[in-house]
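In: here is the input, now give the coordinates:
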Amino acid sequence: MERDKIMIIVITGTPGTGKTTLAKEAAEFLGKGTLVLNDAKLARESGCGKRNYAKELEVGIPELKAAAKKRIAGKNDAILEGHLFCEARFPADIVIVLRAKPETIEKRLRAKRKYAETKMLDNAMAEANGYCLKAARKNYPKGIVAEVCGDKGLKSAKADVIGIVKEFGQKSK
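Out: Presented below is the predicted three-dimensional model:
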């Protein structure tokens, strides 16, 4: 895809919506040199995330934002992926919020992540309430937040994400 400037994309949503998978697909589309930063991995590597009494990672949003800015400085395209980026108000060109049915979230978190029952239900409830979408709309400029359904399968969600990236890429020329 031809563009005149680098693109910073945020892919956010409740855990279990498919963010990591779709971030990799979008990076492949954007091409060589695209940096993909996962919020939890970045928090651990930069030291801005600490384990609490329940061994869950707690991350300070300002610290995460600073670590991400430092990592993408002078880079090509970057994709910031993770549920915490709906809170970060990062200087992004596009914010894609992945959504899924709460029952899909429960199923994915139970099967793939082995989340504790309470944490799994908290995430399903957050998705039912549209938490990440509401936070993204509150924290990012109007017109750059797009919603994609991750329930439709990888192929369909990938097509939606790539379509959004193409559309925004054309606008930034």
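In: CA atoms for contacts and neighbours, from now on please.
Out: Will do.
In: now the strands: where do they sit in this protein?
Out: For the chain, the strands defined by DSSP state E occupy 8-13, 35-38, 49-51, 57-59, 78-81, 94-99, 145-149.
In: okay, these in JSON lines with mean neighbour count next?
Out: Rendered in JSON lines, the data for the strands of the chain read as follows (neighbours: other CA atoms under 10 Å):
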{"stretch": "strand 8-13", "mean neighbour count": "28"}
{"stretch": "strand 35-38", "mean neighbour count": "20"}
{"stretch": "strand 49-51", "mean neighbour count": "15"}
{"stretch": "strand 57-59", "mean neighbour count": "15"}
{"stretch": "strand 78-81", "mean neighbour count": "25"}
{"stretch": "strand 94-99", "mean neighbour count": "27"}
{"stretch": "strand 145-149", "mean neighbour count": "19"}
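In: a markdown table for these, including mean pLDDT and distance to Leu121?
Out: Putting the strands of the chain into a markdown table (pLDDT from 0 to 100; distance: least, CA to CA, whole Å) gives the following:
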| stretch | mean pLDDT | distance to Leu121 |
| --- | --- | --- |
| strand 8-13 | 94 | 15 |
| strand 35-38 | 87 | 23 |
| strand 49-51 | 81 | 20 |
| strand 57-59 | 82 | 17 |
| strand 78-81 | 92 | 22 |
| strand 94-99 | 95 | 16 |
| strand 145-149 | 94 | 20 |
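In: now Arg99: how far from Gly169?
Out: Relative to Gly169, Arg99 is positioned 22 Å away (CA to CA, to the nearest Å).
In: sorry, back to before: can I get the strands of the chain in JSON lines with distance to Ala68?
Out: Below are the strands of the chain laid out as JSON lines (distance: least, CA to CA, whole Å):
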{"stretch": "strand 8-13", "distance to Ala68": "11"}
{"stretch": "strand 35-38", "distance to Ala68": "8"}
{"stretch": "strand 49-51", "distance to Ala68": "13"}
{"stretch": "strand 57-59", "distance to Ala68": "13"}
{"stretch": "strand 78-81", "distance to Ala68": "8"}
{"stretch": "strand 94-99", "distance to Ala68": "15"}
{"stretch": "strand 145-149", "distance to Ala68": "19"}
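In: low-scoring stretches of the protein, by residue?
Out: Across the chain, the ranges flagged by pLDDT under 70 are 1-5, 170-173.
In: helices or strands up against the longest helix along the chain?
Out: Ranked by residue count, the top helix of the chain under DSSP state H comes out as helix 154-171. Using 3 or more CA pairs under 8 Å, 6 or more residues apart in numbering; DSSP states H and E, the elements in contact with helix 154-171 are helix 19-30, strand 94-99, strand 145-149.
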